[in-house]
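Engineer: coordinates only, no sequence provided:
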DNA sequence: AGGAATAGGTCAATCTTGTTGACGTATTCC
DNA sequence: GGAATACGTCAACAAGATTGACCTATTCCT
């Protein structure tokens, strides 16, 4: 392979990333619309869902947004009764975030379509391909501060 | 593996997607800032760069935005002399988009960091893993209207 | 020839998501 | 008792997108 062909191959993979990311979010975005929430809300539910008791600060680290940007959707989710907060017994400054029953249900609905989509691809390409895919994605994710929560996810 | 463990494994992969996509765009976004342009402009340059002579309509299909959303950044890129347009000889309604010299240079600078990042991962995980990763991403990309341009990319 | 369709451009109003900066409260650390 | 931390919130602003309306130029079709 020439240097130019090699560059070309890399270029195509970057384009694939763009298309793939859109496909991942398309269906959940449409479901979220029905509940008058957006992708941010989905993300918040997603991480609280598998990291119950997460603090606001930890969520900020994962999502890499400012506290002002997180505050509004977080309040909306509380008002819509999708999440609850209770203060840490050992440090009352810290708020621990949890999903309510309806929050879990909503998350389930949002995530189900992504899981089914991924499962369909796994069925098609085979489990070994997925292991390799995951390895590559882990390399990408490694430089993110929120990646330290991946194991507990 | 139990059904729950399996779900958990899928969940983690979806989180990986989120983190990975952020890592992919972080560096180019910072470079773009220096030129007072944004991620949309990068995307436009990206696709015109390897699909020279692309029409506005084709670009709309690839990016999946409205023509109003595309119009502003496209005009800005023209004003900054990063792209040129000339009308199709066979159908004068169609504008063919091309990069200028400085447009190519800028794209090169933006894309280089993404290529280096990907190359570093390839060097680490091995080429066979990348082939598998690409296969999975192609499956995701398949449902996007713009994916038909991937081969010519 | 003439009307419909296509490619493109643009104005206006609106929305969402995010930013920076400033300020306030409660709690804990030292 | 003062500094630092966790969290909340207000305001101003910018980017990126949407829908809807309207315009020109060109081509297609009958």
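Structural biologist: Looks like it came in fine. Please read these numbers as outputs of a predicted model, since none were measured by experiment. Numbers count the residues shown, from 1 in each chain, chains lettered A, B, ... in the order given.
Engineer: bridged to residue A:84, which residues?
Structural biologist: residue A:98 (DSSP bridges).
Engineer: using the three-state scheme, assign the residue nearest the centre of chain A.
Structural biologist: The residue lying closest to the centre of chain A (CA atoms, centre = their mean) is residue A:43, at 4.8 Å. Three-state assignment for residue A:43 (DSSP: H, G, I helix; E, B strand; the rest coil): helix.
Engineer: contacting residues around it?
Structural biologist: A:63, B:18 (CB atoms under 8 Å, 6 or more residues apart in numbering or on different chains). From N, CA and C alone the C-beta is placed, and that goes for glycine too.
Engineer: how about the residues of chain A near DNA strand C?
Structural biologist: A:38-40, A:64-66, A:68-69, A:73, A:90-93 (CB under 7 Å from any atom of the strand).
Engineer: which of these has the most neighbours?
Structural biologist: residue A:73 (20 neighbours; other CB atoms under 10 Å in any protein chain shown).
Engineer: excluding covalently adjacent residues, which one is nearest to that residue?
Structural biologist: Spatially, and ignoring its direct neighbours in sequence, residue A:73 is nearest to residue A:40 (4.7 Å; CB to CB, 6 or more residues apart in numbering or on different chains).
Engineer: tell me the contacts of that neighbour?
Structural biologist: Contacts of residue A:40 by CB under 8 Å, 6+ apart are A:63, A:69, A:73.
Engineer: I'd say the first one and residue A:48 touch.
Structural biologist: Right, the one you point to is residue A:63. No: assessed by CB atoms under 8 Å, residue A:63 is found out of contact with residue A:48, at 11.1 Å.
Engineer: and these two? Which one has more around it.
Structural biologist: Per other CB under 10 Å, whichever of residue A:63 and residue A:48 has more neighbours is residue A:48, with 26 against 20.
Engineer: what helix or strand does the more buried one sit in?
Structural biologist: helix A:39-50 (DSSP states H and E).
Engineer: does that helix come close to DNA strand D?
Structural biologist: No: applying CB under 7 Å from any atom of the strand, one finds helix A:39-50 separated from DNA strand D by no less than 11.5 Å.
Engineer: residues contacting the helix or strand that comes right after that helix, please?
Structural biologist: The helix or strand immediately downstream of helix A:39-50 is strand A:54-55, counting by DSSP H and E. Where contact means CB under 8 Å, 6+ apart, the residues beyond strand A:54-55 that reach it are A:47, A:48, A:88, A:94, A:95, A:96, A:97.
Engineer: mind redoing it with 10 Å?
Structural biologist: A:44, A:47-48, A:61-62, A:85, A:88, A:91, A:93-98, A:149, A:152 (CB atoms under 10 Å, 6 or more residues apart in numbering or on different chains).
Engineer: which of the residues you listed are buried? Put it as a PyMOL command.
Structural biologist: Those of the contacts of strand A:54-55 that count as buried under 16 or more other CB atoms under 10 Å in any protein chain shown are selected in PyMOL with:
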select buried, chain A and resi 44+47+48+61+62+94+95+96+97+149
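Engineer: out of the contacts of strand A:54-55, who's nearest residue A:118?
Structural biologist: residue A:47 (17.7 Å; CB to CB).
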